[in-house]
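**Q** Got a predicted structure plus its sequence, pasted below:
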Amino acid sequence: MLKKFIDRESGKIVERTVMNAITIDCVVFGFDNGSLEVLLVQHGEGIRKGEWGLPGGWIKETESTDAAAHRLLADLTGLDDVYLEQLKAFGEPDRFPLGRVITIGYYALVKREDYNIKAGFTASDAKWYKIKDIPKLIYDHNDILNYSLGHLRNRVKQEPLGFNLLPEKFTLFELMQLYEEILGIAMDKSNFRRKFLRMKLLLPLDEKQENVSHRAAQLYQFDEKIYEKLTKKGFNFEF
């Protein structure tokens, strides 16, 4: 059965076979000033004009789902050369108002300072939102985001993640803030420090924070060899 849709790239009305309609939606996490954030786009046209959602759109008939995810993310937000991990398919029958559409969810962790966000194509705006300030999103995008956050929470207990989100040099407090934001819990500073240093994952630097009003804290960076080893081997890191 054919249905008419507004193409999110061209803005034109196109016909698609509903039973084969597939889209991509990307959940991109970043970390800034102690807050976990997610990248959202505002629709500049179509049936959801002015509303916010995850970056995504239709898959072209000639491309793979991975290729579509990278293309759409770059076109809508300017994010390019990002490692994207496929999460799962979201296919509730009523998730899209004009017909049956299944979306493939993707997920990424990025260092915010490495990228310049720029809205493009059908997106009128693109910006980072703190997890605690997420608005009501289009379709089932809040559900997709919540699933991705749950995936992130499980993953942080089994492998290190800070390399993808923190700057090259960071304090133990910044690392603890990242874990608190992901897990949504408050942690004991001494206990966190003891557990993390025990893994030999961090390299202490002969440097301290600069331009801070409080006592300057020691800076660390990840030992890349240990980081890769723990990422492949995994661990059980309970707090």
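**A** Right, received. Where do you want to start?

**Q** For Thr231, see how far away the spatially closest residue to Phe235 that is not a sequence neighbour is.
**A** Leaving out its chain neighbours, the residue that sits closest to Phe235 by CB to CB, 6 or more residues apart in numbering is Gln158, at 6.6 Å. Bear in mind the C-beta positions are built from the backbone N, C-alpha and C, glycine included. In this structure, Gln158 and Thr231 are 9 Å apart, going by CB to CB, to the nearest Å.

**Q** Can you pull out the low-pLDDT segments for this protein?
**A** Counting by pLDDT under 70, the ranges of the chain that qualify are 1-20, 211-214, 239.

**Q** can you tell me which strand in this structure is longest?
**A** Identified as the longest strand of the chain according to DSSP state E is strand 22-32.

**Q** What pairs with it, parallel or antiparallel?
**A** Neighbouring strands of strand 22-32 in its sheet, by DSSP bridges, are strand 35-43 (antiparallel), strand 56-58 (antiparallel), strand 102-109 (parallel).

**Q** At which residues are the helices of this structure located?
**A** 65-77, 141-156, 172-183, 189-198, 224-233 (DSSP state H).

**Q** for those helices, which one ends up most surrounded?
**A** Ranked by mean neighbour count, the helices of the chain are led by helix 65-77 with a mean of 20 (mean count of other CB atoms under 10 Å).

**Q** which secondary structure elements does it contact?
**A** Taking 3 or more CB pairs under 8 Å, 6 or more residues apart in numbering; DSSP states H and E as contact, the helices and strands that helix 65-77 lies on are strand 22-32, strand 35-43, strand 56-58, strand 85-90, strand 102-109, strand 123-130.

**Q** Tell me how far the fifth one lies from the chain's centre.
**A** Here strand 102-109 is found 9 Å from its chain centre; the criterion is CA atoms, centre = their mean, to the nearest Å.

**Q** Check stretch 226-238 too.
**A** Its chain's C-alpha centre and that of stretch 226-238 lie 21 Å apart, by CA atoms, centre = their mean.

**Q** domains for this protein, by residue range?
**A** With domains defined by automatic domain parsing, the chain comprises 2-140, 159-233.

**Q** Excluding chain neighbours, give the residue nearest to the most centrally placed residue in the chain in space.
**A** Against the mean C-alpha coordinate of the chain, by CA atoms, centre = their mean, the closest residue is Val28 at 2.1 Å. Residue nearest to Val28 in three dimensions, not counting chain neighbours: Leu39, with 4.1 Å by CB to CB, 6+ apart.

**Q** in terms of contact, does the one you found touch Ile117 like I think?
**A** Yes: Leu39 is in contact with Ile117 according to CB atoms under 8 Å; the separation is 6.9 Å.

**Q** list the residues that contact both of these two?
**A** Counting by CB atoms under 8 Å, 6 or more residues apart in numbering, the residues touching both Leu39 and Ile117 are Thr77, Leu79, Ala126, Lys127, Trp128.

**Q** which residue sits closest to the second one in space, ignoring its chain neighbours?
**A** When you say that, I think you mean Leu79. Counting by CB to CB, 6+ apart, the residue nearest Leu79 is Leu73, at 5.1 Å.

**Q** And the last one, by the same measure?
**A** What sits nearest to Trp128 in space, not counting adjacent residues and going by CB to CB, 6+ apart, is Glu37, at 4.3 Å.

**Q** likewise Leu40?
**A** Nearest residue to Leu40, sequence neighbours excluded (CB to CB, 6+ apart): Trp52, at 4.9 Å.

**Q** what's the answer for Phe90, then?
**A** Nearest to Phe90 is Thr103, by CB to CB, 6+ apart, at 5.1 Å.

**Q** so how far is Leu165 from Leu109?
**A** Using CB to CB, we find Leu109 at a distance of 5 Å from Leu165.
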